[in-house]
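Student: Okay, structure incoming, though there's no sequence with it:
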């Protein structure tokens, strides 16, 4: 078997003279090979171990006849220059692909792989249509860098703030290695303290070491700032077939569906539109095992059992080696369905036979806590009193699991919500125990009729699978900042106590609620620290201090004139 040759820290030249540290893994010998490339801000040495943020064995890829290239992006680790997330990746990516295509050990065909930011670097350069880029395999990556990455439903998503804190620590150490003095307090930040700190835009160390994060906060609407770095803004310019990978508990789950559907409808060529593939496992942003502390999904759920590396290689064999291996004839969608805990191949997303059915909210005005009288049913409401709760942003509802990238107690994945549901500022609406299984696969929307004492506030929704023993396991959730109820570009404050119809995107799930289980909806106004808190003032939340935050009295209506309802995608088999 040929030996693997490894060339370390080649300083790949860019058009402005900056060198990008690049490692090349390839088989010894004269035969040119197609190239798989990933570009990372997280240290290319660690990417060798982690497979580019997704379960992908690069040494297996080399043995399969590929040259694998891993590069530190500009301003990170061994590369030169200054790091400005996302905006620098278009030109640097294009220069990298052009250089790779011209090497004597390269066949001239290049594919991209990697997850999270490493997926973003693929999408950034794909809009430039480099001729050598033949295919992509993007995992757990954003689509709209405003909605779903920096913000969701208009609320600031705090994995961005956590990322800025981590990157600040790394930047401090990077400068110290060059002789700069350490700031007062040392070289690391307390991430939990940064998440709780107010005002959001006032953290001196974030502002000094990661000024790009301040720019994010300065653009709280979906303005032109976000378009150059958002894949969804440029599907028409992208001509590469793409493999999209995510998990039901991934922080960028919604993006995988948006990228898949967007490319199917708007891709730059018919070849690109016809050759998009989607895989959604029972995974989080960084856990591809299918095993979580409070839920095991069985031996087939892991990426290893699925052979995600093999799937990558078959994908690249088709598009970089022109093998007629049938990949383009297979069903384009592969989903792990929870509840029954098995994989299914589907014809498209959403599933073609989906039936969207309303489950209406009911109560006698006491839906607060899991011990309240809130119910869900297919029957429209009659004359029922509203449910009321106090939202105090200084006492927010805590994040417990779900689709997050947070440390410690906020670890992602399926977790029991009963501690959350014990709070009086959480409304719960639950069906009776199911007499037969109910299959829910697809996008989920919550339509609420709501009013607030404030000029602006948030509303949250969460879909929960309640087990016969009482465990309440989170499936998916969402949020809407009320000022963005009509538009993410033109916010409009509320009239206090006026009733508005709000539409909350709860993203998606694939779950069979088994016999004896119950379907539950939680409604509240905070989910912290997954989302930043609403100050309830209607002002510039990023600049407001804790002393400016105010409580709000929020009401949820469910009567004949205001039929609040959860829209579930039901599959009849």
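Tutor: Looks like it came in fine. Please read these numbers as outputs of a predicted model, since none were measured by experiment.
Student: need the contact list for the residue nearest to the spatial centre of the chain.
Tutor: Residue closest to the average C-alpha location in the chain (Cα atoms, centre = their mean): residue 252, at 1.1 Å. Residue 252 makes contacts with 116, 140, 141, 142, 143, 148, 149, 246, 285, as judged by Cβ atoms under 8 Å, 6 or more residues apart in numbering. Where you see a C-beta, it was placed from the backbone N, CA and C, and this is true even at glycine.
Student: Name the member of those that has the highest neighbour count.
Tutor: residue 246 (30 neighbours; other Cβ atoms under 10 Å).
Student: Could you report the neighbour count for residue 394?
Tutor: For residue 394, using other Cβ under 10 Å, the count is 10.
Student: Is it in contact with residue 549, as I believe?
Tutor: Yes: Residue 394 lies in contact with residue 549 (Cβ atoms under 8 Å); the separation is 6.1 Å.
Student: what's the helix or strand where residue 344 lies packed up against?
Tutor: Residue 344 is located in strand 342-346, with elements delineated by DSSP states H and E. Judged by 3 or more Cβ pairs under 8 Å, 6 or more residues apart in numbering; DSSP states H and E, the packing partners of strand 342-346 are strand 333-337.
Student: quick one: contacts of the strand it packs on?
Tutor: 248, 260, 277-282, 290, 297, 301, 342-349, 439, 441, 510-512.
Student: Mind giving me the PyMOL command for buried ones among those?
Tutor: A single PyMOL command selects the buried members of the contacts of strand 333-337 (16 or more other Cβ atoms under 10 Å):
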select buried, resi 248+260+277+278+279+280+281+282+290+297+301+343+346+349+439+441+510+511+512
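Student: Go through the contacts of strand 333-337 and flag which are in strands.
Tutor: 248, 277-282, 342-346, 439, 441, 510-512 (DSSP state E).
Student: Which residue comes closest to residue 554 once chain neighbours are left out?
Tutor: Nearest non-adjacent residue to residue 554, counting by Cβ to Cβ, 6 or more residues apart in numbering: residue 452, 4.9 Å away.
Student: pLDDT at residue 48, what is it?
Tutor: Residue 48 carries a pLDDT value of 69.
Student: next one: residue 55
Tutor: 78.
Student: mind listing what it touches?
Tutor: Contacts of residue 55 (Cβ under 8 Å, 6+ apart): 288, 303, 304, 308, 309.
Student: tell me the SS of the third one?
Tutor: Using DSSP: H, G, I helix; E, B strand; the rest coil as the criterion, the local structure at residue 304 reads helix.
Student: name the element the closest residue to it other than its chain neighbours belongs to?
Tutor: Take residue 304 and drop its neighbours on the chain: the residue closest to it by Cβ to Cβ, 6+ apart is residue 55, 6.5 Å away. Under DSSP H and E, no helix or strand contains residue 55.
Student: Low-confidence regions, the stretch 401-550 of the chain specifically.
Tutor: 408-410 (pLDDT under 70).
Student: What segments of it are helices?
Tutor: 418-421 (DSSP state H, counting those that start in this stretch).
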